[in-house]
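**Student:** Got a predicted model here, sequence first, then my questions.
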Amino acid sequence: MGGYYLYVMYGFEHVPNTYVAGYHKYISLPFMTACYWSYYMASATDPGRLNKSTDDVIKERALKRYGFDEILFSDKNWCKTCEIVKPARSKHCSLCNTCCEKMDHHCVWINNCVGLHNYKYFILFLFLHTGICIYGVTIGLLTAQHLIDEQDLWNKTFYTRNGQHFKADIWIVMQYLQNEHEMFAIVVFLCGVVTVMLIGFIGFHSFLIYNDYSTNEFAKRQQLTKFVADRVAFLLKWEKARDDGKAFKPAQKAIDKYNIGKDIQADMSTELLKERVNHAQY
Ligand SMILES: [Zn+2]
Ligand SMILES: [Zn+2]
């Protein structure tokens, strides 16, 4: 909101120019409205809250929605706060103080959990804001080019207050533009920073969607894979010790299931392995 206001206040005075047509002033408004709408929908939609006051029909439906894998999620997981059996893929959010169906994460930007019902709006929010930030940077850079042309900055000599003078180069010209159009430069720079951040988020969530993980499950499975890797190392070592030539199915099954490379072989020392096995909870 503030960023758009600053853009209108300090950027629009340079539009239209040689590179940016006047209609950009007007298409930015519906674009920005769509951004606010996605923000509103992501933050105002019930992500799938579940607690003791939730209707029984909804609780029942939530329990049936996904199967329990008995690794991360079990039907024996009871939330003491919400007094419900936690459905598979749900998680209790300590900030919202309620359980959430297919919990992804609690998002501080939208001040809401991202879960079953608002994940789509959250993704839309990421895409639209990335779009408008890229748009803002593009208009900003084209306007900068216009200002450079207008004042023929590349052929100017720049003087500092104490009389030093410099021939124009990219840094000097950028510094000059930043001094002359401070707020506009800041807002374009911020658009650039936010774009990089948002593209990172989009990349991560594309990976999650492709693998059908939530952020919560991804984090948990990362921990679990370490634990399973220990287990596989143990099983492989045991297999080798037995040396009866039979394929050892549990090890292979775990390798296939968790896609663990065979390079995690039984190369640990027996002492370390014993220690790990004794501490592992399986
Ligand atoms: Zn809960
Ligand atoms: Zn939350």
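**Tutor:** Nice, I can see it. Ligands and ions are numbered 1, 2, ... in the order given.
**Student:** contacts, neighbours, all on C-alpha from now
**Tutor:** Will do.
**Student:** where does residue 196 land on pLDDT?
**Tutor:** Note for residue 196: predicted pLDDT of 97.
**Student:** what about it, neighbour count?
**Tutor:** Other residues lying near residue 196 total 15 when counted by other CA atoms under 10 Å.
**Student:** got it, and residue 75?
**Tutor:** Counted with other CA under 10 Å, the neighbours of residue 75 add up to 14.
**Student:** Check which helix or strand residue 99 maps to.
**Tutor:** Assessed by DSSP states H and E, residue 99 sits inside strand 98-100.
**Student:** quick one: contacts of that strand?
**Tutor:** For strand 98-100, the external contacting residues (CA atoms under 8 Å, 6 or more residues apart in numbering) are 47-51, 79, 81-82, 86, 90-93, 113, 115-116.
**Student:** pLDDT averaged over that strand - what is it?
**Tutor:** 97.
**Student:** can that strand be found next to ligand 2?
**Tutor:** No - judged by CA under 5 Å from the ion, strand 98-100 stays clear of ligand 2, getting no closer than 7.5 Å.
**Student:** Let me see the mean pLDDT of the helix or strand just after that strand.
**Tutor:** Heading C-terminal from strand 98-100, the first helix or strand you meet, by DSSP H and E, is strand 105-107. Average pLDDT, strand 105-107: 97.
**Student:** And for stretch 152-172?
**Tutor:** Stretch 152-172 comes out at a mean pLDDT of 85.
**Student:** pull the CA atoms of that stretch into PDB?
**Tutor:** The C-alpha trace of stretch 152-172 is given here as PDB (Å, rounded to 0.1, in the frame of the first residue of the first chain):
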ATOM      1  CA  ASP A 152      22.300  13.900 -21.500                       C
ATOM      2  CA  LEU A 153      23.900  12.600 -18.300                       C
ATOM      3  CA  TRP A 154      26.500  10.400 -19.900                       C
ATOM      4  CA  ASN A 155      28.300  13.400 -21.400                       C
ATOM      5  CA  LYS A 156      28.200  15.500 -18.300                       C
ATOM      6  CA  THR A 157      30.900  16.200 -15.800                       C
ATOM      7  CA  PHE A 158      29.800  16.000 -12.100                       C
ATOM      8  CA  TYR A 159      31.200  18.300  -9.400                       C
ATOM      9  CA  THR A 160      31.200  17.600  -5.700                       C
ATOM     10  CA  ARG A 161      30.800  20.400  -3.100                       C
ATOM     11  CA  ASN A 162      34.600  20.600  -2.500                       C
ATOM     12  CA  GLY A 163      35.300  21.100  -6.200                       C
ATOM     13  CA  GLN A 164      36.300  17.600  -7.300                       C
ATOM     14  CA  HIS A 165      35.000  16.700 -10.700                       C
ATOM     15  CA  PHE A 166      34.200  13.300 -12.300                       C
ATOM     16  CA  LYS A 167      33.300  12.100 -15.700                       C
ATOM     17  CA  ALA A 168      30.000  10.300 -15.900                       C
ATOM     18  CA  ASP A 169      30.100   6.600 -15.300                       C
ATOM     19  CA  ILE A 170      27.300   4.200 -14.300                       C
ATOM     20  CA  TRP A 171      27.900   4.700 -10.500                       C
ATOM     21  CA  ILE A 172      28.000   8.500 -10.700                       C
END
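**Student:** quick one: buried residues of it?
**Tutor:** 153, 158, 168, 172 (16 or more other CA atoms under 10 Å).
**Student:** now, which of the residues you listed lie within strands?
**Tutor:** Among the buried residues of stretch 152-172, the members falling in strands (DSSP state E) are residue 158.
**Student:** which of the buried residues of stretch 152-172 lies closest to residue 63?
**Tutor:** For the buried residues of stretch 152-172, the minimum distance to residue 63 (CA to CA) is 62.6 Å, reached by residue 172.
**Student:** got the residues of this protein near ligand 2?
**Tutor:** Near ligand 2, when you scan the chain using CA under 5 Å from the ion, you find 93, 96, 106, 113.
**Student:** Could you rank the residues you listed by neighbour count and give me the top one?
**Tutor:** residue 113 (28 neighbours).
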